[in-house]
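> My questions are about this predicted structure, shown below with the sequence.
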Amino acid sequence: MSARKTESNVIALFRDPMLARMLGFGFASGLPLPLTAFTLQQWFASAGLSVHSVSFAAMLGLPYTLKFLWSPLFDRAPPAWAGGIGRRRFWLLVVQPLLAAAGVALALSNPGQAPLVTAAAALAVAFLSTCQDISVDAWRIETFVQAEQGAALAAYIWGYRGAMLVSSTGVIYAAGSIGWHTPLLVVAGLMAVATLLTLSAPPPRQAETFTLAGSPWRAFQQNFLGPLREFFGRPAASRVLAFVILFRLGKVMADNTAASFYKSLNFDTHLVGLANGWPLVIGLLGGAAFGGYLVARLGTMRALLAAGLMQAASLGLYLVLLATAAPWMLFVKIGVEYFAGSAADIAFLTYVSALCARSYTAAQYALLSSLAAIVFHSSGSFAGYLAEALGWGPYYALTILAGLPALAVMFLLRRRLPSSPGQGS
């Protein structure tokens with residue numbers, strides 16, 4: 001891929017065929033997730049499984065949080081017989097057919113008769129999906145220069161969200177009339193098509209590879225300790241980690257209590273469902289495009305500060321909604337909040353991408369993105385208690401303030417973008 005000049009207009013960037021591939025990779029990565037979460041839970045519930053069994057299905061998504069444990073394996077160089085295909089495309093071509101096969105196995109299973117078989121197939125889909133995500137993220141980081149990462153992530157998220165609608169809303173809607181097996185088989189077929197996309201993608205031009213040689217201990221040092229040693233050997237590594245952990249804290253605290261908050265305002269399920277329809281989709285997609293524009297126009301650090309302030313300010317709409325309790329304000333609040341949050345995600349992931357050394361792209365990106373996910377899962381356990389203790393008004397005021405420590409850390413780091421070979425700020 002030849003180097004391209006950064007354009008201030010993100011729409012112009014989307015004409016690039018490499019970004020079209022990124023859109024396709026986003027679609028491929030977004031298809032499996034609902035099959036191990038909401039769609040699977042709906043299938044279990046329709047099959048007559050107990051509430052306990054349906055809720056337990058959420059555990060099948062655990063590989064998405066733990067993917068950093070096996071991500072170093074995908075930084076290995078491919079075998080010699082693979083020729084010049086490159087390590088990223090090699091591992092994708094290994095994983096994607098297996099993922100499609102796991103999708104077929106899931107589609108042909110019957111949770112009403114053999115729920116453990118369905119759960120095992122879903123777990124295989126989740127694990128192989130994380131392997132695909134690891135390789136796609138590494139390919140993106142090594143293919144696009146830093147100034148283009150925002151646009152690449154925007155394209156990825158557009159594809160990702162579109163795929164999630166297909167494998168969640170689309171599958172569930174179709175299942176109501178033709179049953180579960182056929183729509184799930186269609187999704188598995190779409191997963192298989194991703195292999196063609198990988199074959200059409202060029203190998204990254206910025207990648208560095210290394211081979212796995214020597215004793216098992218040497219392999220462990222190289223694959224698992226190497227990424228950690230390299231990262232923590234950089235200046236300000238502790239500040240960077242603090243920022244990664246804290247950046248989404250306020251947003252996560254708000255998200256984890258939103259359902260109970262809406263109920264306390266007497267918004268029925270139908271209204272909340274409508275508000276989480278097109279306002280959410282438009283907010284997510286528009287925010288992703290705007291986040292890509294900010295990165296291209298302002299640079300990573302200033303875009304991150306601007307989007308972080310937007311994200312914190314958008315949480316103030318919880319207080320406005322509390323004061324008005326108006327249904328129209330619910331629509332405005334969800335659309336604006338997701339617009340700001342999606343823009344912040346683009347800037348944040350662009351920054352995280354810039355932290356990854358070329359030799360350890362897969363391992364370091366998976367680790368840093370998993371740290372952010374762990375905050376989501378861990379904070380949910382205490383957010384409800386805190387909201388009950390403080391009341392809705394003080395609690396949502398606190399969520400706004402919870403985003404400020406991360407921005408303070410980022411302000412200290414604004415002149416220090418930890419870089420890796422081939423990256424610029």
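Thanks, I have the structure now.

> which is the next helix or strand following the lowest-mean-pLDDT helix or strand in the chain?
Least confident helix or strand of the chain, by mean pLDDT, DSSP states H and E, is helix 10-13 with a mean of 49. Toward the C-terminus, helix 10-13 is succeeded by helix 17-30 as the next helix or strand (DSSP states H and E).

> buried residues in whatever helix or strand comes next after that following helix?
Using DSSP H and E, the helix or strand that follows helix 17-30 towards the C-terminus is helix 38-46. Neighbour-count burial for helix 38-46, counted by 16 or more other Cβ atoms under 10 Å, picks out 38-44, 46. C-betas here are computed from N, CA, C, even on glycine.

> phi, psi of A114?
A114 adopts backbone torsions of phi -140, psi 70, taken as degrees, to the nearest 10.

> Report the separation between it and L106.
12 Å (Cβ to Cβ, to the nearest Å).

> For those two, indicate the residue with more neighbours.
L106 (29 against 11; other Cβ atoms under 10 Å).

> Surely that one and L123 touch.
No. Counting by Cβ atoms under 8 Å, no contact exists between L106 and L123, whose distance comes to 9.7 Å.

> low-confidence ranges in the stretch 251-400 of the chain?
269-270, 273, 276-277, 279-280, 358, 372-381 (pLDDT under 70).

> What ranges does it have for its strands?
Using DSSP state E, counting those that start in this stretch, no strands are assigned anywhere in the stretch 251-400 of the chain.

> now the stretch 51-200 of the chain
Under DSSP E, counting those that start in this stretch, the stretch 51-200 of the chain gives no strands.

> Could you point out which residue ranges in it have low pLDDT?
51-58, 79-83.

> Could I get the full set of helices for it?
51-56, 63-66, 87-108, 115-143, 149-165, 171-178, 181-200 (DSSP state H, counting those that start in this stretch).

> V336: which of those helices is closest?
When the helices of the stretch 51-200 of the chain are compared by Cβ to Cβ, helix 149-165 sits nearest V336, at 17.2 Å.

> Identify the residues contacting the residue nearest to T36 when sequence neighbours are not counted.
Spatial nearest neighbour of T36, chain neighbours left out: A126 (4.2 Å); criterion: Cβ to Cβ, 6 or more residues apart in numbering. Neighbouring residues of A126 by Cβ atoms under 8 Å, 6 or more residues apart in numbering: 32, 36, 60-64.

> go with 6 Å
Neighbouring residues of A126 by Cβ atoms under 6 Å, 6 or more residues apart in numbering: 36, 60-61, 63.

> TSV for the residues you listed, including neighbour count?
Below are these laid out as TSV (neighbours: other Cβ atoms under 10 Å):
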residue	neighbour count
T36	27
L60	23
G61	20
P63	20
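
> Output those as a markdown table; include the columns distance to A192.
Converted to a markdown table, those look like this (distance: Cβ to Cβ, whole Å):
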| residue | distance to A192 |
| --- | --- |
| T36 | 18 |
| L60 | 22 |
| G61 | 22 |
| P63 | 21 |
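
> Now flag whichever of these is closest to D75.
Nearest to D75 among the contacts of A126, with distances taken as Cβ to Cβ, is P63, at 18.1 Å.

> what about that closest one, distance to G112?
With Cβ to Cβ as the criterion, P63 and G112 are 25 Å apart.

> Could I get the pLDDT score of R4?
pLDDT, R4: 44.

> Same check on the one 10 residues further on?
Reading off the per-residue confidence, F14 sits at a pLDDT of 52.

> just A219 next, same as before
pLDDT at A219 comes out at 60.

> In terms of residue numbering, what are the domains of this structure?
10-211, 218-413 (automatic domain parsing).

> tell me the contacts of T169?
T169 neighbours (Cβ under 6 Å, 6+ apart): none.

> Please, which helix or strand holds the nearest residue to G86 once chain neighbours are set aside?
Spatial nearest neighbour of G86, chain neighbours left out: P203 (3.1 Å); criterion: Cβ to Cβ, 6+ apart. Here P203 sits in a region with no helix or strand, counting by DSSP H and E.

> what about P203, neighbour count?
16.

> Ok, L93 next?
L93 has 17 nearby residues by other Cβ under 10 Å.

> Relative to A194, how far out is it?
From L93 to A194 the distance is 10 Å (Cβ to Cβ).

> got it, and A119?
Counting by Cβ to Cβ - A119 and A194 are separated by 24 Å.

> The two: which is more packed in?
A194 (24 against 21).

> Verify the stated contact: that one with S29.
No. Judged on Cβ atoms under 6 Å, A194 makes no contact with S29 at a distance of 8.6 Å.

> what's near enough to touch P405?
L246.

> Tell me, what's the model's pLDDT at it?
P405 is given a pLDDT of 86.

> same thing with the one 5 residues further on?
Listed pLDDT for M410 reads 79.

> Next: F27.
95.

> What of R21?
Reported pLDDT for R21: 91.

> how much space between the residue nearest to V272 when sequence neighbours are not counted and L271?
Take V272 and drop its neighbours on the chain: the residue closest to it by Cβ to Cβ, 6+ apart is Y262, 5.3 Å away. Remark: distance between Y262 and L271 (Cβ to Cβ) = 8 Å.

> got it, and A122?
31 Å.

> do the same with L284
20 Å.

> Of these two, give the one with the bigger neighbour count.
L284 (21 against 15).

> Which residues are in contact with that one?
So L284 contacts 161, 338, 342 (Cβ under 6 Å, 6+ apart).

> okay, now the second one: neighbour count?
Neighbour count for Y338, taken as other Cβ under 10 Å: 23.

> One more: the last one?
Look at S342: counted by other Cβ under 10 Å, it has 24 neighbours.

> what do you get for L390?
13.

> circling back to that earlier point, just checking, the residue nearest to V272 touches A275?
No. Using Cβ under 6 Å, Y262 makes no contact with A275, being 8.6 Å away.
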